[in-house]
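Engineer: Return atomic coordinates for the entry below.
(2 chains)
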Amino acid sequence: MNTFDLTQTSVREVNQYLHDLAEPAAIEILEPKGAHAVACGLKAPLHVTIRGPVGYYCAGMNEKATVTVHGNAGTGVAENMMSGVVRVHGNASQSAGATAHGGLLVIQGDASARCGISLKGASIVVGGSVGHMSAFMAQSGTMVICGDAGDALGDSIYEARIYLRGKAASLGADCIEKEMRSEHLAELTDLLTVAGIAADPATFRRYGSARTLYHFHSDHASAY
Amino acid sequence: MAQHPEESFDWKRFFEPYGVTSMKVIASHCVTIAHGQSETIRAQLERNDAGVTIMSVGSSMEIFKEKGLPCEVMKMFHLEQAVGSHAIGHTRMATESAVTTAGSHPFSTGSDLCLVHNGSLSNHNRLRRNLQREGIRFRTENDSEVAAGYLAWRLQGGDSLEAALESALKDLDGFFTFAIGTRDGFAVLRDPVACKPAVLAETEDYVAMASEYRSLAHLPGIENAHIWEPEPARIYTWKKSATPALPATQISLAA
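Structural biologist: Okay, the predicted model is just below:
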């Protein structure tokens, strides 16, 4: 395994090294000390292990790689991820998994505000709670929250699905509780299994769009 | 604590009429001890026409501000010799007013109180006019100074710091993460949307706040600190314990 110490090598150099790898490889990054954009823009099936807390946009735009953070993550971890797996063994700051198109983001601790904002297809599993405005305008994909959710969960949500075990401080505009059918239970069970989080799927509730906000009402046609 | 842009300024002559008993000049700043009600003295001194700015008043907090590279400003004020319980590092990204000494943070909000603001207020012009009618003076076009003036006004009116911050949540429109230094502690408040980041670290020895973890990464014992983000629209306050080993407070914000 190749190991880099970020007190010795710059993030730019480490990221360039990772970008140049085309074949599967295991890389370890030490002493990140909250540095920004660590392991950003990866495109190959790499296994990157980061030991310590990272700053903004860690594993952003990730494709195919598995990035594991042993520490907390700053704003926008795995933002705009396309595929692969990003796992945070700690808490994540705001906008975790923002606009992520695919792949799996696992946050073992809590995520703060705007987790999964504008989610576009990825799966996010949060072992703890999420902050306010999570899944805001989430278009597609799935969000599993094992703890509670802050205010305005799923505000202006499109077709993303939310599974929540605890309580939401409030639901956002057009977000409603929905029936948990067998296919949802199966999806949730799968996600919890791959995320490695022990939680009983039967204790979750499902939330999604009431679809009243993003549809044009023909009743209003005469207004134009 | 007073400031004059010229380092050769004759402080002795300036303070003579006020019965000042001691004086210490550090670069462009002068720390003096005057006896009497601090806000009365401040009001008197602020009416000077010698170009002197009153940076802060109180018995335990001195505000030094100058613009320049952080390392040069630190040298200018002999920061390596400074001893105290609070430390603030602040980088200002000026959006609402010019980069001047007066526009720098922290802003004095009253006796032994100061404010650091990250964000931007959208109703600062109207608020400034209202506060001016209430007798609050402003030196800049800066929105953060309006927040400081607002808190000063509420506190002068008899509000506790918590009550003043409660009303700030109602009256200030815009984005803010505030760190307020008090005589024996500090307070933190984020606006209800919490656009501006904040992270806190607590240990047995200190409480530290920063815009992001990177600023805290080098603190002693940080790996075992309790690290968390303050919730929106919730007022947090800390007070020093009375034990001889005073816990230190570090605040680091980007605005």
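
Engineer: wait, doesn't B:His124 sit right on B:Asp143?
Structural biologist: Yes. Counting by C-beta atoms under 8 Å, B:Asp143 is a contact partner of B:His124 at 3.9 Å. For the C-beta atoms, the positions are set from N, CA and C on the backbone; glycine is no exception.

Engineer: interface residues of chain A facing chain B?
Structural biologist: Counting by C-beta under 8 Å from any C-beta of the partner chain, chain A comes close to chain B at A:33-36, A:53, A:55-56, A:72, A:74-75, A:91, A:93-94, A:112-113, A:131-132, A:150.

Engineer: Make a PyMOL selection of whichever of those turn out to be buried.
Structural biologist: Burial among these is assessed by 16 or more other C-beta atoms under 10 Å in any protein chain shown; the matching PyMOL selection reads:
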select buried, chain A and resi 33+34+35+36+53+55+56+72+74+75+91+93+94+112+113+131+132+150
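
Engineer: any low-confidence regions in the chain?
Structural biologist: Looking at chain A here, since you left the chain open. A:220 (pLDDT under 70).

Engineer: my question was about chain B
Structural biologist: Looking at chain B by pLDDT under 70, you get B:242-255.

Engineer: Quick one: the helices in it, in order.
Structural biologist: B:11-15, B:38-46, B:70-76, B:124-133, B:143-156, B:161-171 (DSSP state H).

Engineer: what's the closest of these to chain A?
Structural biologist: helix B:161-171 (14.5 Å; C-beta to the nearest C-beta).

Engineer: List the buried residues in that closest one.
Structural biologist: B:Leu161, B:Ala164, B:Leu165, B:Ala168, B:Leu169.

Engineer: Is it possible to get JSON lines of those residues that adds distance to A:Met143?
Structural biologist: As requested, the buried residues of helix B:161-171 are exported to JSON lines (distance: C-beta to C-beta, whole Å):
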{"residue": "B:Leu161", "distance to A:Met143": "38"}
{"residue": "B:Ala164", "distance to A:Met143": "38"}
{"residue": "B:Leu165", "distance to A:Met143": "33"}
{"residue": "B:Ala168", "distance to A:Met143": "33"}
{"residue": "B:Leu169", "distance to A:Met143": "29"}
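
Engineer: can I get those in TSV with distance to chain A?
Structural biologist: Formatted as TSV, the buried residues of helix B:161-171 follow (distance: C-beta to the nearest C-beta, whole Å):
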residue	distance to chain A
B:Leu161	25
B:Ala164	24
B:Leu165	19
B:Ala168	19
B:Leu169	15
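
Engineer: For the residue of the stretch 1-150 of chain B found nearest chain A, give the beta-bridge partners.
Structural biologist: Closest residue of the stretch 1-150 of chain B to chain A, C-beta to the nearest C-beta: B:Asn118 (13.8 Å). Here B:Asn118 sits in beta bridges with B:Thr177, going by DSSP bridges.

Engineer: For it, the count of nearby residues, please.
Structural biologist: Neighbours of B:Asn118 under the rule other C-beta atoms under 10 Å in any protein chain shown: 24.

Engineer: So B:Val52 sits against B:Met1, correct?
Structural biologist: No. The pair B:Val52 / B:Met1 is not scored as a contact, 10.8 Å apart, by C-beta under 8 Å.

Engineer: Tell me the residues that contact both of the two, please.
Structural biologist: By C-beta atoms under 8 Å, 6 or more residues apart in numbering or on different chains, B:Val52 and B:Met1 have no common neighbours.

Engineer: For beta bridges, what are the partners of the residue nearest to B:Ala148 when sequence neighbours are not counted?
Structural biologist: In space, and not counting its chain neighbours, B:Ala148 is closest to B:Phe107: 3.5 Å by C-beta to C-beta, 6 or more residues apart in numbering or on different chains. According to DSSP bridges, the residues that bridge with B:Phe107 are B:Leu115.
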